[in-house]
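S.K.: based on what follows, work out the 3D shape:
(2 chains)
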Amino acid sequence: MEQLDKIILSFDAFVERGGDAVPFSLCVGHPDYDDHGGHYCLVECPFVRDVAFKIYGADEAQACELSIFFVRQRITDMDAQLVDKDGSEIDIPEIIYPPQSSSE
Amino acid sequence: MFAPFKLRSTLSRNANADPDDTRRTKKALDQIGYFETPSYGMTEYPDEPMFKGIEDFQRDQGLNRDGIMKPNGETAKALEKKVGKQTQRNGVNVPAKPQATKTRSAFGLFGEFGKRRTNQPRDIAAVERALAWTGNLPRNQSKTEGGRKENDLFDAVKRVQQKTGLKVDGWMRPYGETERELDRQLKPKLRDAQKTRGTKTEGSGSDDQQETAAAAIPPIAYKIAEFFGMAVMAAWTWWQSMSSADREKVRRQMDGNGSSDNSEEDCHRLHYETDIPTCNGISRRRGKQAAARCFASASERYAACLRGVPINQLPPLDTWNN
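M.R.: Down below sits the predicted model:
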């Protein structure tokens, strides 16, 4: 099983479904490339799938974008809603790729 | 009009396939009974059923079973010859009705079997039955009481190899010559069992113990073998190892033909083995813009599939053909 080495997004929240709220975590790996499908992000999100999975795109930016799209879509499809610790509705942040350089 | 079978470029799981090659290969395989059209139809994109068809064809032709077909390579030539022969038999150069030439394997291993080999439990059970039914295991050894000594089976494998002129080493591997030989010996017995099932029951007093035992294979094992492309004995062993809940799930999957109750596995397979390689191919051939549309539609299809939309009703993969 592939492991996430470099993480481009780490997001923790709660997911409400059927009246219950359970912890939700999402980790998206830095875009990588393989010959099988091209550019991809490795996504770890136990709520969506037990194992880490790859989301492919035409380039790094789209791989990031589709990773978020796919997770959001699955949450919606499962009639679930992301909330913070206070119970307020929140959303997964977009990934900005390439990352904005920060002052060091 | 059915064009003669000729490849332009290599077909393999890792290569960028030519759509015409893919279409022709699928048609050729279909014509000789080696392609099972998936629920999403016969597309111009390479998919797992095509590569499985190539591998099955290679296996039956005694070629290296690698799922790769090169222009003027052994597999392409053998396929060309086979298709050509069939076209000649039909008299005209038109697509032939698929022939019932495909023979489902009767016996197939999941891993290596023999001394210090993998010896998966399901293989041990299948090998034991296969050896017993083909008369390669003495009757006084063919009753399992608390598990047969595996050495008896290894010896029996050696006997099969000795009798049939194969290398006598007492082990076999999936798609190896010993497995093929056992499969060859077993097929007629299973065919007979299928014919006589219903007229004989286990313990009905028949003298032919092997035939009676073979007749005890339940119809579901044949159905599973057909549906999942497995060997009959492997299907039966698998069925026996399932919980009742799993049996019900498999039954539902077969009854619905996978069209209205996708398993997640089907969705993963469709996405990662068909849609993604297709989009990657588009990326190489037509550039980023076309690929971006393709990948976006692939993600939508994947999510829709997991949501339970039947595979044949998924939104189309945007291949930007028009």
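
S.K.: chain A: helices as residue ranges?
M.R.: Assigned helices in chain A, in chain order: A:60-77 (criterion: DSSP state H).

S.K.: the residue of chain B most remote from its centre: which element?
M.R.: Centroid-distance maximum for chain B: residue B:289 at 36.8 Å, with Cα atoms, centre = their mean. Assigned by DSSP states H and E, residue B:289 belongs to helix B:288-307.

S.K.: about what we covered before: so the closest residue to the residue farthest from the centre of chain B other than its chain neighbours versus residue B:76, what's the distance?
M.R.: Sequence neighbours aside, residue A:58 is the residue nearest to residue B:289 in space, at 7.8 Å (criterion: Cβ to Cβ, 6 or more residues apart in numbering or on different chains). To be clear about C-beta, it is placed using only N, CA and C from the backbone, and glycine gets the same treatment. In this view, residue A:58 and residue B:76 are 32 Å apart by Cβ to Cβ, to the nearest Å.

S.K.: now residue B:186
M.R.: 31 Å.

S.K.: hey, what's the angle from the helix holding residue B:289 to helix A:60-77? Just curious.
M.R.: Angle, helix B:288-307 to helix A:60-77, by axes from the mean of the first three to the mean of the last three Cα atoms, to 10 degrees: 20 degrees.

S.K.: other SSEs contacting helix B:288-307?
M.R.: strand A:53-57, helix A:60-77, helix B:264-269, helix B:276-286 (3 or more Cβ pairs under 8 Å, 6 or more residues apart in numbering or on different chains; DSSP states H and E).

S.K.: next secondary structure element downstream of the least confident helix or strand in chain B by mean pLDDT?
M.R.: Every helix and strand of chain B was ranked by mean pLDDT, DSSP states H and E. The lowest is helix B:209-215, at a mean of 51. Going down the chain from helix B:209-215, the next helix or strand is helix B:219-228, by DSSP H and E.

S.K.: to residue B:15, which of the helices and strands packed on helix B:288-307 lies closest?
M.R.: The stretch from the helices and strands packed on helix B:288-307 with the least distance to residue B:15 (Cβ to Cβ) is helix B:276-286; that distance is 9.1 Å.

S.K.: is chain A within reach of that closest one?
M.R.: Yes - Helix B:276-286 reaches chain A (Cβ under 8 Å from any Cβ of the partner chain) through B:276, B:277, B:279, B:280, B:283.

S.K.: what mean pLDDT does that helix have?
M.R.: Helix B:276-286 comes out with an average pLDDT of 89.

S.K.: what angle do helix B:288-307 and that helix make with each other?
M.R.: Orientation note: helix B:276-286 sits at an angle of 170 degrees relative to helix B:288-307 (the same axes, to 10 degrees).

S.K.: still on that earlier bit, what's the closest of the helices and strands packed on helix B:288-307 to residue B:106?
M.R.: helix B:264-269 (25.3 Å).

S.K.: and the spatially closest residue to residue A:16 that is not a sequence neighbour, what is it in contact with?
M.R.: Distances taken as Cβ to Cβ, 6+ apart place residue A:81 nearest to residue A:16, at 4.8 Å, with adjacent residues excluded. Listed by Cβ atoms under 8 Å, 6 or more residues apart in numbering or on different chains, the contact partners of residue A:81 are A:15, A:16, A:17, A:75, A:89.

S.K.: export those to CSV and tack on neighbour count, pLDDT and distance to residue A:34?
M.R.: Compiled in CSV, the contacts of residue A:81 are given as follows (neighbours: other Cβ atoms under 10 Å in any protein chain shown; pLDDT from 0 to 100; distance: Cβ to Cβ, whole Å):
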residue, neighbour count, pLDDT, distance to residue A:34
A:15, 17, 92, 30
A:16, 17, 90, 35
A:17, 14, 81, 33
A:75, 21, 93, 26
A:89, 9, 92, 36
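
S.K.: tell me which of the residues you listed fall in strands.
M.R.: Secondary structure from DSSP state E places A:15, A:16, A:17 of the contacts of residue A:81 in strands.
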